[in-house]
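Visitor: this is a predicted model, with the sequence first.
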Amino acid sequence: MRLQYDLGNGQRMRIIFVFVIVAAAASLGCWSFGGAAGNRAVAAGPTPMKQDQTPKGDFVKHLPAGFEMPEDDSGKLLLREYGSVFITSATPPKKVVFKNQADVLGFQATLDKATQTIGGTKVELQRPAMDALNDAIAEARKVNLTIGPRGADSSRRDYDATVGLWASRVDPGFAHWVAAGKVSAAEAKRIKALTPYEQVPEILKLEQQQIWFAKTLDKSIIYSVAPPGTSQHLSMLALDVKEFENANVRAILARHGWFQTVSSDLPHFTYLGVSEAELPGLGLKKVENAGRVFWVPDM
């Protein structure tokens, strides 16, 4: 649409409004629940990697001392997706991606940990996170509510567990795309022969071509599973909560420093250990979806 105005003194100003609307029906819809991949809730639309993924803003200022800032696009994307955990008042990791099992176990060995059975399920967390969870459970009990883990893998995980979930998406994904002629058998074989750490950027590069690896093959794999070495459960600061649908439970958890920070995972809560009022000053922003509030890096 073009609007043209004649101004005084014979001058003419031409204002051109260009409206471009790109509709992608496959990228719209409601949130839905994933399968066995950590009980994730999957976003309907993929978020492709942008040309400039360089982290910016106050969030970066509050990253822990010695943090290894990613330099590649895939690492920067993963920082945006999972990075809220790095501003925790407990002990955050200092890298976006752990490289292997030894890397994860080495970090976990440095932590002050607590183990407890809740609702018949073993829960392992950093001690400050466990203390806050117990306080939340006690508050919930006063109003006849319960708070507990959703399953056996709801708290601490190791690297090998994340690798298994990753393979459950990558292997059938390659089978589909090779059969569809979108990826050559040789290329699929090459990538699958890489270590899981090396596979992550390769898979995310393919997804820039809309070769998706989520379970439904219509969105990014990061909306289905956390790539190996990136899960907040590795830091022992995350819990998948059985009662995640209850708004009162979510409010109680928030009052005790537990927030939802991964917008593609509805049962998932992260221990940040500060009040909600402090989060914007730490570089997080509030996003809302499906009647829920998520706190994500504001970059």
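Guide: Arrived safely.

Visitor: quick one: stretch 161-179 to chain centroid distance?
Guide: 19 Å (Cα atoms, centre = their mean, to the nearest Å).

Visitor: list the buried ones in that stretch?
Guide: Within stretch 161-179, the residues scored as buried using 16 or more other Cβ atoms under 10 Å are 161-163, 165-166, 168-170, 173-174, 177-178. (C-beta placed from N, C-alpha, C; glycine too.)

Visitor: and what of stretch 261-278?
Guide: 261-274, 276.

Visitor: tell me the one of those residues nearest Thr115?
Guide: Relative to Thr115, the closest of the buried residues of stretch 261-278 is Tyr271; by Cβ to Cβ it sits at 15.4 Å.

Visitor: list the residues that contact the closest residue to the closest one other than its chain neighbours.
Guide: Distances taken as Cβ to Cβ, 6 or more residues apart in numbering place Ala129 nearest to Tyr271, at 3.7 Å, with adjacent residues excluded. Residues in contact with Ala129 (Cβ atoms under 8 Å, 6 or more residues apart in numbering) are 90, 236-237, 239, 258, 271, 273.

Visitor: can you name the element that comes right after the host helix or strand of Ala129?
Guide: According to DSSP states H and E, Ala129 maps onto helix 127-142. Helices and strands here follow DSSP H and E; after helix 127-142, the next one along the chain is helix 159-179.

Visitor: and that following helix, what does it pack onto?
Guide: Here helix 159-179 touches helix 101-108, helix 185-192, helix 196-207, going by 3 or more Cβ pairs under 8 Å, 6 or more residues apart in numbering; DSSP states H and E.

Visitor: pick the most buried one from those helices.
Guide: Neighbour counts averaged per stretch over those are highest for helix 196-207, at a mean of 19; criterion: mean count of other Cβ atoms under 10 Å.

Visitor: the bottom helix or strand of the protein by mean pLDDT?
Guide: The helix or strand with the lowest mean pLDDT-type score in the chain, counting by mean pLDDT, DSSP states H and E, is strand 32-33 (a mean of 28).

Visitor: ok, the spatially closest residue to Leu284 that is not a sequence neighbour to Gly120 distance?
Guide: The shortest distance from Leu284 to any non-neighbouring residue, by Cβ to Cβ, 6+ apart, is to Trp295 (4.4 Å). Distance from Trp295 to Gly120, counting by Cβ to Cβ, to the nearest Å: 30 Å.

Visitor: just checking, what packs against the helix or strand hosting Glu81?
Guide: Per DSSP H and E: Glu81 is located in helix 73-82. Other elements packing on helix 73-82 under the criterion 3+ Cβ pairs under 8 Å, 6+ apart are helix 196-207, strand 292-297.

Visitor: can I get that helix as CSV, trimmed to CA atoms?
Guide: Output of helix 73-82 as CSV, limited to C-alpha atoms (Å, rounded to 0.1, in the frame of the first residue of the first chain):
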residue,chain,number,x,y,z
ASP,A,73,25.6,-20.3,16.4
SER,A,74,24.3,-23.6,17.9
GLY,A,75,25.9,-22.8,21.2
LYS,A,76,24.4,-19.3,21.3
LEU,A,77,21.0,-20.7,20.4
LEU,A,78,21.1,-23.2,23.2
LEU,A,79,22.1,-20.5,25.6
ARG,A,80,19.0,-18.6,24.7
GLU,A,81,16.8,-21.7,25.1
TYR,A,82,18.2,-23.1,28.4
